[in-house]
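Student: 3D model of this:
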Amino acid sequence: MKFVDLVKINVKAGRGGNGALSFRREKFVPKGGPDGANGGRGGDVLLEAVGGIVTLADFEYNKRFQAGHADHGRGAMQVGANGKDLLIQVPCGTVVFDEEGRILADLVNPGQRFVAAKGGRGGRGNAHFASSVRRAPRFAEKGDPGEEKLLTLELKLIADVGLVGFPNAGKSSILAAISGARPRIAGYPFTTLSPNLGVLAVDDQQVVIADLPGLIEGAHDNKGLGLQFLRHVERTRVLVHVLDLSEPDPLQNWRVVCDEFKAYGADLGARPSLVLGNKLDLPGTEEKSAMLAQAMRDEGLDYLSASALSGAGIPELITAIVRLVRRHPPRPESTVSLVEEPLQELPYRRGKAPLPVSILRLSDGSFRVEHANLEKSVSRIDFDHEDALMKFARILKRLQVEEALEEAGAVEGDVVRIGEVDFDFQPGKIIE
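Tutor: Take a look at the predicted model:
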């Protein structure tokens, strides 16, 4: 399967059902009254982290997701059925961003869920508006549209151990030697173009090891595989720096990797680690290994040497990895999400009048009325119903929209816009 760790998807929640305009008409039941029920709630789009998936490849071609629409309300107080939620499974370690690049959720543990798009609220039927002074309301609300969002999904693999180092340092060979993984191995740089995962089973513990693509100097500026490599290092608990002992200066290679971690940030430079000198089977590598061992002692780091080809030093490496992992247990993670305040139909300040509207004069001479949630309230009005205009007029009167328009310079006949609704300004009259 192709490894994909960055995709953009479009999610759209279901539309809420319309409320019903209905009156009970039954033989021998005089004045039955309104019995139009509410519409159902539109389906939500949810993202759920699941184990066993290690790539976002499923989203490379399927990028649009739609939850179910709700049914409309009906007479005889029959409430519309809710729309069916849509559950989208993503790999553990998926970070969700909005269009502005803000983090909406960080799905780390299996079973964590995030509501990516909320279904629209169902419209209220005319039975809801019946009261002692309004016994036969002849209007009902339309359902709200579901949320639609463009999301960016970024996968940061979750592994206990990350094998890091220059291209062709032998990371894939080390992974194959200490686990059951069978990564692609070849004798040239950048064989590994995407992370490979292996599992090291010791006693009753399983350690997930990631062979991460090699990086070069300037990776934090996205040179080479750059950020594609570094984002996966963020999730690892401990690091194993794999150095090629056949290189002219393996110590300098290690310093370059450390400098890239510091430049990238995300606390990579302070991550618990050990250093491994690989390819000990090649001639002239023992002297370099001894030099590296002394340099790492000076740095306060553990150093081992091994040969993935001959198997020398592999048992000691396994023991050291398991010991390091057990000393640094995983940190508790939780879903991170931005919580939005629920919208109310007409917001009020406690003990005071409604919040004032704002009037904008547009370039074509028309006027736009803006107010918190006023547009949503107007969008729910079904103007095909008999009393809808009266309801509309009551809302405008309550918010003193007419007075605000006159103060802004509107005169009779000017076009006024509230959301998707346009009407001619007729001060002192019922709006038509």
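
Student: sketch out the low-pLDDT regions of the stretch 151-300 of the chain for me.
Tutor: In the predicted model of the stretch 151-300 of the chain, residues 180-197, 213-232, 266 satisfy pLDDT under 70.

Student: what about the helices in it?
Tutor: Counting by DSSP state H, counting those that start in this stretch, one finds helices in the stretch 151-300 of the chain at the ranges 171-178, 226-233, 250-264, 285-299.

Student: repeat that for the stretch 301-432 of the chain.
Tutor: Going by DSSP H, counting those that start in this stretch, the stretch 301-432 of the chain shows helices at 314-327, 374-379, 388-398, 401-407.

Student: buried deepest among the helices of the stretch 151-300 of the chain, which one?
Tutor: helix 171-178 (a mean of 24; mean count of other C-beta atoms under 10 Å). C-beta coordinates here come from the backbone N, C-alpha and C atoms, glycine included.

Student: which helices and strands sit right next to that helix?
Tutor: strand 161-164, strand 196-202, strand 205-211, strand 238-244, strand 273-278, helix 314-327 (3 or more C-beta pairs under 8 Å, 6 or more residues apart in numbering; DSSP states H and E).

Student: okay, which residue is most central for this structure?
Tutor: With distances taken as C-alpha atoms, centre = their mean, the residue of the chain nearest its centroid is Val96 (2.1 Å).

Student: now do the same for that one: helix, strand or coil?
Tutor: strand (DSSP: H, G, I helix; E, B strand; the rest coil).

Student: buried deepest among the helices and strands packed on helix 171-178, which one?
Tutor: strand 161-164 (a mean of 28).

Student: closest one to Arg74 among the helices of the stretch 301-432 of the chain?
Tutor: When the helices of the stretch 301-432 of the chain are ranked by proximity to Arg74, the top entry is helix 388-398, at 19.2 Å, counting by C-beta to C-beta.

Student: so for the closest one, mean pLDDT?
Tutor: Averaging pLDDT along helix 388-398 gives 83.

Student: what's it packed up against?
Tutor: helix 374-379.

Student: ok, Pro110 - contacts?
Tutor: By C-beta atoms under 8 Å, 6 or more residues apart in numbering, the contact set of Pro110 is Ala49, Val50, Gly51, Cys92.

Student: quick check: which element contains it?
Tutor: Pro110 is part of no helix or strand, with elements assigned from DSSP states H and E.

Student: point out where the stretch 1-150 of the chain drops to low pLDDT.
Tutor: Using pLDDT under 70, the stretch 1-150 of the chain drops low at 1-4, 29-31.

Student: let's see it at 80
Tutor: 1-5, 26-32, 52-55 (pLDDT under 80).

Student: show me where it has strands.
Tutor: For the stretch 1-150 of the chain, the strands defined by DSSP state E, counting those that start in this stretch occupy 6-12, 45-50, 64-66, 86-91, 94-97, 103-107, 113-117, 148-155.

Student: closest to Thr319 out of those?
Tutor: Among these, strand 86-91 sits nearest to Thr319 (C-beta to C-beta), with 30.1 Å.

Student: between the closest one and strand 6-12, how many degrees?
Tutor: For strand 86-91 against strand 6-12, the angle by axes from the mean of the first three to the mean of the last three C-alpha atoms, to 10 degrees is 170 degrees.

Student: still on that earlier bit, among the helices of the stretch 301-432 of the chain, which is nearest Thr236?
Tutor: Closest to Thr236 of these is helix 314-327 (C-beta to C-beta; 10.3 Å).

Student: fine, thanks again, bye for now.
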